[in-house]
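[1] Build me a model:
(one chain, ligands or ions: 1)
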Amino acid sequence: MVLRNGPFAAFMITLMSTSSFSPADPAISKPLKPNKSLPTSRDARALAARRLPRLIYDFIDGGAGDEIGLANNLTDLQRVRLQPRSLADVNTISLKTSFLGRDWDVPFGVAPMGMCDLAWPGTDRSLAALSQRHNLPLGVSTASSTSMEDLLRLSGGRAWFQLYVTGSTQDAMALSSRAAKAGYDTLILTVDVPRLGKRPRDVRNGFATPFRMTARHFMDFATHPHWSLKTLTSGLPTMANFSGANAMCYDRNPPRTGANWAFLQQLRAHWRGKLVVKGVLSAEDAIRIKNEGADAICVSNHGGRQLDSAPSAIAALPAIRQAVGPAYPLLFDSGIRTGDDMVKARALGADLVLVGRPFLYALAAVGEVGAERMFDCFKGEIDTALAQLGVADISAVSTSCLYRAPTEPTLR
Ligand SMILES: Cc1cc2nc3c(=O)[nH]c(=O)nc-3n(C[C@H](O)[C@H](O)[C@H](O)COP(=O)(O)O)c2cc1C
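    Down below sits the predicted model:
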């Protein structure tokens, strides 16, 4: 058993010696079955809510402000209707998608997420392995819990490195050079965190970096032993792209205002690979980003984690597609929870979508196998949706797949 991360280990040892686990905890009385199926991402979320300490679940699940923006991401997608068509030949359906000069097996990838291993130890690695197994893109966060080099290797070269300008612009440039040296061909510059969004659940729970444990956290961990013991034996996640003291005490609070237009120009001149700008909701910005030479844009409101009053990402997508033209590569994320959602995003202008929280819920819910379960779930849902729409190839999804309510019939 590996005991790492001093205060946490001390906490767990105390915990075990005082025998304060509740024997009634479902994680103890009913061990998880590794092959437990996840019928939908909502099941994964419900299970994750039970397995994870509140502090961790809220960090993953929560959003900015009153979480209206977060809710709108989901409800606006739910409101979009698709038009079923009959009698088409949908015996075989292809989900293969070309994006940024590469062929992918499915029209979705994993969004870059920091501190993923808080959901379940090894989450970053599991997602990288998934990316390799099923040929889908993997976003690797600046704040990943496994080094960018290892994740690129584990993904079989399918990972995209996501860059935050957290310190100086020189630091960010150095990080991009490191990504190039590691062999990354695609860089995602995230531009929607000039300040870290205010996430009230994190404030209430005392979720902060560097972390300081209180008695409340102690109880929270004690009542979720399934997660706590696994995390204890694996070691608390660190910021693997930073060395020394920074790896344990990375401070995510300072403004990230270095990601401005001047920096984008500098980065474009410096980075020879594909450059994606993530976190765009304005058509005007999208045109300028395209003109600055970015290869793609990710329409995203950071999963509702930054500005509560922002439009849902799906509401912003059509205008951005119209502004950049039909051929410009667009990624989309924020609120994708089903295969239907993916088809809707594609019909409204996205070439490929990224999925964030659902993968973390799945890992938290059933452990490592969760990545595969969530993947199967999404893949099956897209296949079913396309069959209903009479579309045999994902590349044929267009606005014609959207249901438009007929105008009121006139009664005579
Ligand atoms: C726990 C968590 C950590 C995240 N960390 C990052 C990050 O480090 N960099 C980034 O660009 N986006 C980050 N995001 C945002 C995601 O890339 C993505 O935009 C968002 O999760 C999509 O919304 P969804 O969760 O509704 O799918 C994070 C999201 C979550 C939930």
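
[2] Would you map the strands across the stretch 51-200 of the chain?
    Per DSSP state E, counting those that start in this stretch, the stretch 51-200 of the chain carries strands over the ranges 97-99, 102-104, 108-110, 138-140, 159-163, 186-190.

[3] and stretch 42-53, what's its mean pLDDT?
    For stretch 42-53, mean pLDDT rounds to 98.

[4] Could you list the low-pLDDT ranges of the stretch 1-150 of the chain?
    1-36 (pLDDT under 70).

[5] all helices of it, in order?
    Assigned by DSSP state H, counting those that start in this stretch, the stretch 1-150 of the chain shows helices spanning 6-17, 26-29, 41-51, 54-61, 68-79, 123-134, 148-154.

[6] quick one on the thing from earlier: of all the strands of the stretch 51-200 of the chain, which lies closest to L70?
    Each of the strands of the stretch 51-200 of the chain has some distance to L70 by CB to CB; the shortest is strand 186-190, at 17.7 Å. No exception for glycine: its C-beta is placed from N, CA and C like everyone else's.

[7] What are the contacting residues of that closest one?
    100, 112, 137, 139, 160-165, 176, 179, 259, 264, 267, 271, 273-279, 294, 298, 302 (CB atoms under 8 Å, 6 or more residues apart in numbering).

[8] Repeat that for stretch 164-184.
    Contacts of stretch 164-184 (CB under 8 Å, 6+ apart): 141-143, 148-149, 152, 157, 159-161, 163, 187, 189-190, 193, 241, 252, 254, 256-259, 263, 266-267, 270-273.

[9] Can you give the distance from that stretch to the centre of its chain?
    Counting by CA atoms, centre = their mean, to the nearest Å, stretch 164-184 is centred 21 Å from the centre of its parent chain.

[10] Also stretch 255-272?
    The answer for stretch 255-272 is 23 Å, by CA atoms, centre = their mean.

[11] Any residue of it touching the ligand?
    No: residues of stretch 255-272 contacting the ligand under CB under 6 Å from any ligand atom: none, with a closest distance of 10.2 Å.

[12] could I have that stretch exported to CSV, CA atoms only?
    Only the C-alpha atoms of stretch 255-272 are listed here, as CSV (Å, rounded to 0.1, in the frame of the first residue of the first chain):
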residue,chain,number,x,y,z
PRO,A,255,-6.1,35.8,-13.1
ARG,A,256,-5.3,34.3,-16.5
THR,A,257,-5.4,37.6,-18.3
GLY,A,258,-2.3,36.8,-20.2
ALA,A,259,-4.5,35.1,-22.8
ASN,A,260,-5.2,38.2,-24.9
TRP,A,261,-5.1,39.1,-28.6
ALA,A,262,-1.4,39.9,-28.5
PHE,A,263,-0.7,36.6,-26.9
LEU,A,264,-2.8,34.8,-29.5
GLN,A,265,-0.7,36.4,-32.2
GLN,A,266,2.5,35.5,-30.4
LEU,A,267,1.4,31.9,-29.9
ARG,A,268,0.3,31.6,-33.6
ALA,A,269,3.7,32.7,-34.7
HIS,A,270,5.4,30.3,-32.3
TRP,A,271,3.2,27.1,-32.5
ARG,A,272,3.7,25.3,-35.7
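
[13] Show me what counts as buried in it.
    256, 258-259, 263-264, 267-268, 271 (16 or more other CB atoms under 10 Å).

[14] average pLDDT for it?
    93.

[15] With stretch 282-299 instead?
    98.

[16] Is there proximity between that stretch and the ligand?
    No: Stretch 282-299 lies out of reach of the ligand by CB under 6 Å from any ligand atom, never closer than 7.6 Å.

[17] What is the one helix or strand M374 maps to packed up against?
    Following DSSP states H and E, one finds M374 within helix 370-389. Packed against helix 370-389 by the contact rule (3 or more CB pairs under 8 Å, 6 or more residues apart in numbering; DSSP states H and E) you find helix 41-51, helix 123-134, helix 339-347, helix 357-366.

[18] so can I have TSV of these showing distance to the ligand and mean neighbour count?
    Listed next are the helices and strands packed on helix 370-389 as TSV, based on distance: least, CB to the nearest ligand atom, whole Å; neighbours: other CB atoms under 10 Å:
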stretch	distance to the ligand	mean neighbour count
helix 41-51	9	19
helix 123-134	10	23
helix 339-347	9	25
helix 357-366	4	28
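
[19] will you turn these into TSV that also has distance to I68?
    Formatted as TSV, the helices and strands packed on helix 370-389 follow (distance: least, CB to CB, whole Å):
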stretch	distance to I68
helix 41-51	19
helix 123-134	28
helix 339-347	19
helix 357-366	17
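
[20] chain center to the longest strand seen in the chain, what's the gap?
    Looking across the chain with DSSP state E, the single longest strand is strand 274-280. When C-alpha coordinates are averaged (CA atoms, centre = their mean), strand 274-280 and its chain have centres 14 Å apart.

[21] So which bits of stretch 153-163 are buried?
    So, applying 16+ other CB under 10 Å, buried residues of stretch 153-163: 154-155, 158-163.

[22] Tell me if that stretch is near the ligand.
    Yes: contact between stretch 153-163 and the ligand, assessed by CB under 6 Å from any ligand atom, occurs at Q162.

[23] check contacts around the nearest residue to L55 once chain neighbours are set aside.
    Spatially, and ignoring its direct neighbours in sequence, L55 is nearest to N205 (4.8 Å; CB to CB, 6 or more residues apart in numbering). Taking CB under 8 Å, 6+ apart, we find N205 in contact with 54-55, 58-59, 216.

[24] In ChimeraX, how would I select the buried members of those?
    Per 16+ other CB under 10 Å, the buried members of the contacts of N205 correspond to this ChimeraX selection:
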select :54,55,58,59
